[in-house]
Structures are given as C-alpha cells and as structure tokens.
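S.K.: how would this look folded up:
(one chain, ligands or ions: 1)
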Amino acid sequence: MSKLLVTGGEPLEGEVKIQGAKNSVLPILAATVLNPGVSVIQNCPRIRDVTASLEILRHLGCRAEQTGDTVTIDATQLVRHDVPDELMREMRSSVIFLGAILARLGEAVMCMPGGCELGPRPIDLHLASIRKMGGEIRETSEGLNCSAGAGLKGCELSLAIPSVGVTENIMLAACGAQGLTIITNAAREPEIVDLQRLLCSMGADVQGAGSSVITITGCRPLHDTTYRVMADRIVAATYLSAGAAAGGRVTVSGIDYRHLSTVTSVLSEAGCAVRSGNDFITLVREGPLRSVRPIRTAPYPGFPTDAQAPVMAALCVSQGATMFVENIFERRYGHVDELRRMGADISVEGRVALIYGIPKLHGAAVVSPDLRGGTALVVAALAAEGESTVTGLHHIDRGHQDIEGDLGALGGQIRRAE
Ligand code: EPZ
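M.R.: Purely as a prediction, here's the structure:
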C-alpha cells in the first residue's frame with residue numbers, strides 16, 4: 001500500500017502550475033460522446049477519474065488515448081450504450097454519461113451509483129429531468145434501463161436545487177433533444193461555463209452558463225473540436241490552504257483568481273496577505289492565523305464545499321474558534337477524526353463543526369477518508385511538528401495528478417513510499 005511521508009513544521013516557499021479541473025474534464029469527456037467524430041481535450045489531468053472515464057468511452061466503442069495532458073477521443077463508431085457496473089461503482093459521477101449516451105444513441109443502461117464517503121448520492125433529480133424530456137427510465141434490480149422513446153424533447157426544467165451534475169446532464173441530453181430546453185435554477189459553477197464552451201466549440205447552441213438560466217437548442221450538427229480544460233480551482237484552494245497552514249509564501253499559477261475568491265477572502269480574513277493577478281494568486285502568511293466568521297458551504301458563487309476540508313485543516317492552528325456549516329453533503333467531516341489524531345480540537349454537531357484553534361499540530365499516522373478529506377490531512381501534516389504518514393491515497397489520486405510533486409515544488413518535505 002503506498003503512503004505519503006510528510007515532514008512538517010517548516011514554512012513553504014515556491015510556485016506551482018495548477019492542473020486541469022477534475023470537475024470540468026469529467027462532464028467534458030462525457031460530452032465527447034455527442035460528437036460522431038474526433039474531440040481533442042487539452043490540459044486534461046492525469047487522475048484516476050479520467051482513467052475511469054476513458055475506460056467507459058472505450059467500452060462504448062470510442063477510441064480514447066491520453067498522451068501527457070492531451071486526450072483524443074474518436075466517437076465515430078459507438079457499439080454499446082451501457083456503463084459497466086464496476087466503473088459506475090468506482091466513479092459515481094459516471095451518471096453524467098446518461099444524458100450524452102441517451103442523446104446520441106436513444107438508449108442507456110447503468111447501475112445505480114450508490115452512496116459514497118460523503119453520504120447518499122441520490123440521482124432522483126437526474127432521473128426526473130430525463131423523464132421530463134421524454135426519457136423512459138425503468139429501475140430494475142440490475143439498475144437503470146433508459147430509452148429516449150420517440151426521441152428526447154426540449155422543455156423547461158426548474159431545478160429544486162442548483163445541482164452541478166443535474167445541470168450538466170440536462171445540457172448534454174438537451175443537445176440531442178428536439179427544440180429548446182430551458183434550465184432554471186441551474187448551477188452556476190465555472191465548470192458549467194467550461195462545459196458550455198466545449199459544447200459550443202463542437203457546434204452546439206448553449207447559452208447562459210454561469211447564470212441561473214441556461215438555454216439549449218437541440219439537434220445541432222456537431223463537429224470535431226480541440227478544447228483546453230480550465231484549471232482546477234479546488235486544487236488551487238488546497239495549495240493556498242497549505243501555505244496558510246505551514247506559513248511562508250505560495251504562488252499558484254494558470255488559475256482564474258475569480259473562481260476561488262470566497263476561499264481567498266477567508267484566508268485573508270484569517271491573516272494571510274493574498275495578491276491576485278491575471279492568472280496567478282500569491283499567498284503570504286507570516287504571523288499567526290486568526291479565527292474567521294462562520295464558513296457556510298453553498299452552491300457557487302458561495303464557499304465551495306470541496307474547499308471546506310483543506311481550509312478547516314489550515315484553521316486548526318489559529319487563534320480563536322471558527323464555525324463551519326456544511327450545507328451541501330450530509331457526511332463531509334470524515335477528516336475531523338483524523339485531524340484530531342494530529343492534536344486538532346474540533347467538535348461536530350450534525351452539519352456544524354467548531355474548530356478551536358491551537359498553537360501547534362503534531363505529526364501522526366492518518367488515513368484519507370475521501371478525496372478532499374485526504375488532501376486536508378496533507379495540508380495539516382505540512383503544518384504539524386514532526387513526521388506524518390498519510391494512507392488511503394487512492395482517494396487523493398482521484399483528483400490530484402501529482403500532489404507530492406506539486407507540494408514539493410512549494411518547498412514541502414513530502415514523498416510517496418510503498
Ligand atoms: C459535483 O458533484 C462535484 N463533482 C462535487 O465534487 C461537488 O462537491 C458538488 O458538485 C457540489 O459542488 C463533480 O463535478 C464530478 P450536486 P454533484 O448534484 O454534481 C444533492 C469533489 O470532491 N442531489 O451539486 O454530485 C446531492 O446529494 C466532488 O470533487 C440530490 O439530492 O453535486 C447533494 O447533497 C465531491 N439529487 C446536493 O444535491 C440529485 O439527483 C448537491 O449535489 C442530485 C444531487
């Protein structure tokens with residue numbers, strides 16, 4: 001089993017270029033199913049979730065190659081319309097393939113994705129949206145048998161919650177639906193804007209991403225494209241949190257600073273000096289971190305739930321107490337027990353976590369509970385006095401192509417060992 005060995009307690013100093021965004025490239029890879037030709041996706045991170053997506057595309061009949069950070073998908077000939085169970089289980093966000101497969105082939109089969117470390121991951125809103133577009137979905141013991149019947153029809157869909165995945169699934173299905181689809185209360189995340197840009201680069205007619213109302217005019221002929229994926233705002237937020245936790249001076253580049261302004265404003269309030277430019281953010285932390293006003297996770301442009309764990313890790317060593325309220329997922333405090341092993345003083349009541357800042361953390365052997373919880377433990381280990389080992393790296397490797405290389409570039413003493 002591989003593990004990360006971290007020697008903490010020293011300030012960081014350095015600059016790192018941020019990888020492509022996991023939560024943008026996954027729907028974009030699903031979208032390549034819509035184009036009966038070749039789609040070239042650049043700045044594609046080399047992470048486990050991309051590998052799983054490429055396996056799904058190959059299973060469907062695509063040619064899918066990754067060379068460095070460029071992925072080439074040839075979806076001219078599709079021969080299947082099902083997502084293999086083991087890939088559905090490995091990557092629950094594979095439900096994002098439903099809309100694209102239905103739009104292209106008129107039928108789709110996949111098992112229920114099941115819950116995960118963050119709690120139940122229902123897909124009721126995904127299914128309700130596809131049904132409203134004319135999709136027929138039978139839930140059997142094996143999973144979901146979906147067919148587009150007489151073809152998907154555009155319609156107005158008002159989302160009960162601004163779900164990222166549901167918004168993306170509808171965008172993809174609507175590209176293959178007759179007429180106009182209007183999504184109201186759509187998710188506004190930057191990754192949705194990236195998906196719209198990709199779809200338009202293929203010839204689709206999608207407008208409004210980034211706002212709460214997105215309109216798609218379906219059945220446009222789609223053509224080949226070469227598209228560069230946006231940088232990963234959560235990876236950038238994680239590395240800035242490491243700078244806040246360990247102290248020193250950290251620069252993340254290749255990133256749009258506007259995408260993580262709620263995170264940088266919290267880190268500024270905690271006492272860091274943050275300077276942003278066109279495509280970089282520099283954070284300097286010299287004095288002690290201070291507690292901040294309550295942090296409530298919310299849909300974009302609110303504080304991102306994916307940054308809750310790494311920012312919490314940084315605030316474990318601070319003056320005063322900080323309250324977190326996790327409003328998006330039911331169980332997203334799996335990292336708290338592991339942070340306590342390092343000396344953190346945290347109490348959790350349901351969706352609320354109270355962090356009592358302490359002067360120092362100490363190294364420990366800790367286990368990643370999930371992707372963002374795992375990266376939070378690495379952030380804490382860089383601040384802690386002494387040695388830490390972090391296991392459960394399969395979670396971290398789902399979202400980070402080279403976390404030890406990136407943090408090493410920032411001066412962190414971290415290496416991977418078997
Ligand atoms: C996306 O997940 C991201 N994943 C998540 O990142 C991110 O935390 C989340 O959006 C919120 O920003 C990808 O993009 C691959 P949602 P998604 O649908 O689409 C409930 C990471 O660490 N819901 O916006 O699944 C759901 O249970 C991951 O990179 C329903 O009830 O998130 C949750 O409570 C973690 N029914 C809330 O909506 C549904 O049909 C928001 O989820 C769908 C969702």
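S.K.: and for residue 229, the neighbour number?
M.R.: 25 (other CB atoms under 10 Å). All C-beta spots, glycine's among them, are computed from the backbone N, C-alpha and C.
S.K.: swap in the one 5 residues further on?
M.R.: One way to gauge burial is a neighbour count; for residue 234, by other CB under 10 Å, it gives 23.
S.K.: do you know the pLDDT at it?
M.R.: The per-residue pLDDT reported for residue 234 equals 98.
S.K.: output the host helix or strand of it as CSV - backbone C-alpha positions only.
M.R.: Secondary structure assignment for residue 234, by DSSP states H and E: helix 233-246. Extracted in CSV, the C-alpha atoms of helix 233-246 (Å, rounded to 0.1, in the frame of the first residue of the first chain):
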residue,chain,number,x,y,z
ARG,A,233,-9.9,25.9,-8.6
ILE,A,234,-10.2,23.3,-5.7
VAL,A,235,-6.6,22.1,-6.2
ALA,A,236,-5.5,25.8,-6.2
ALA,A,237,-7.6,26.4,-3.0
THR,A,238,-6.0,23.3,-1.4
TYR,A,239,-2.4,24.5,-2.1
LEU,A,240,-3.2,28.0,-0.8
SER,A,241,-4.6,26.4,2.3
ALA,A,242,-1.2,24.6,2.7
GLY,A,243,0.5,28.0,2.5
ALA,A,244,-1.8,29.4,5.1
ALA,A,245,-1.3,26.3,7.4
ALA,A,246,2.5,26.0,7.1
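S.K.: find the closest residue to the ligand in the stretch 101-250 of the chain.
M.R.: For the stretch 101-250 of the chain and the ligand, the shortest gap (CB to the nearest ligand atom) falls at residue 165, measuring 2.8 Å.
S.K.: gap between that residue and residue 192?
M.R.: Residue 165 is 10 Å from residue 192, where distance means CB to CB, to the nearest Å.
S.K.: higher neighbour count, the two?
M.R.: residue 192 (27 against 21).
S.K.: list the contacts of that one.
M.R.: Applying CB atoms under 8 Å, 6 or more residues apart in numbering to residue 192 gives the contacts 164, 167, 168, 171, 186, 209, 210, 214.
S.K.: surely the third one meets residue 195?
M.R.: Yes: in this structure, residue 168 is within contact of residue 195 by CB atoms under 8 Å, at 5.8 Å.
S.K.: which residues do those two both contact?
M.R.: Common neighbours of residue 168 and residue 195 (criterion: CB under 8 Å, 6+ apart): residue 27.
S.K.: other SSEs contacting the helix or strand in which residue 49 is found?
M.R.: Assigned by DSSP H and E, residue 49 falls within helix 48-60. Judged by 3 or more CB pairs under 8 Å, 6 or more residues apart in numbering; DSSP states H and E, helix 48-60 is in contact with helix 22-31, strand 63-67, strand 70-74, helix 85-90.
S.K.: quick one, the longest one and helix 233-246 angle?
M.R.: It stands for helix 22-31. Relative orientation of helix 22-31 with respect to helix 233-246: 160 degrees, computed using axes from the mean of the first three to the mean of the last three CA atoms, to 10 degrees.
S.K.: how about helix 22-31 as CSV, C-alpha atoms only?
M.R.: Extracted as CSV, the C-alpha positions of helix 22-31 are listed here (Å, rounded to 0.1, in the frame of the first residue of the first chain):
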residue,chain,number,x,y,z
LYS,A,22,-11.3,17.2,-12.5
ASN,A,23,-14.9,18.5,-12.2
SER,A,24,-14.7,20.1,-15.6
VAL,A,25,-13.0,17.4,-17.5
LEU,A,26,-15.4,14.6,-16.4
PRO,A,27,-18.6,16.2,-18.0
ILE,A,28,-16.4,17.3,-20.9
LEU,A,29,-15.3,13.7,-21.6
ALA,A,30,-18.9,12.6,-21.4
ALA,A,31,-19.8,15.3,-23.9
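S.K.: so that helix, near the ligand or not?
M.R.: Yes: counting by CB under 6 Å from any ligand atom, the ligand is contacted by helix 22-31 at 22, 23, 26.
S.K.: tell me where the stretch 151-300 of the chain has strands.
M.R.: Ranges of strands within the stretch 151-300 of the chain are 156-158, 180-184, 205-207, 213-217, 225-228, 248-253, 273-276, 280-285, 295-296, based on DSSP state E, counting those that start in this stretch.
S.K.: any chance of those strands in CSV, with distance to the ligand, mean neighbour count and mean pLDDT too?
M.R.: CSV is the format used below for the strands of the stretch 151-300 of the chain (distance: least, CB to the nearest ligand atom, whole Å; neighbours: other CB atoms under 10 Å; pLDDT from 0 to 100):
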stretch, distance to the ligand, mean neighbour count, mean pLDDT
strand 156-158, 12, 15, 98
strand 180-184, 13, 20, 98
strand 205-207, 17, 17, 98
strand 213-217, 15, 20, 98
strand 225-228, 17, 17, 98
strand 248-253, 17, 22, 98
strand 273-276, 22, 15, 98
strand 280-285, 20, 21, 98
strand 295-296, 14, 20, 98
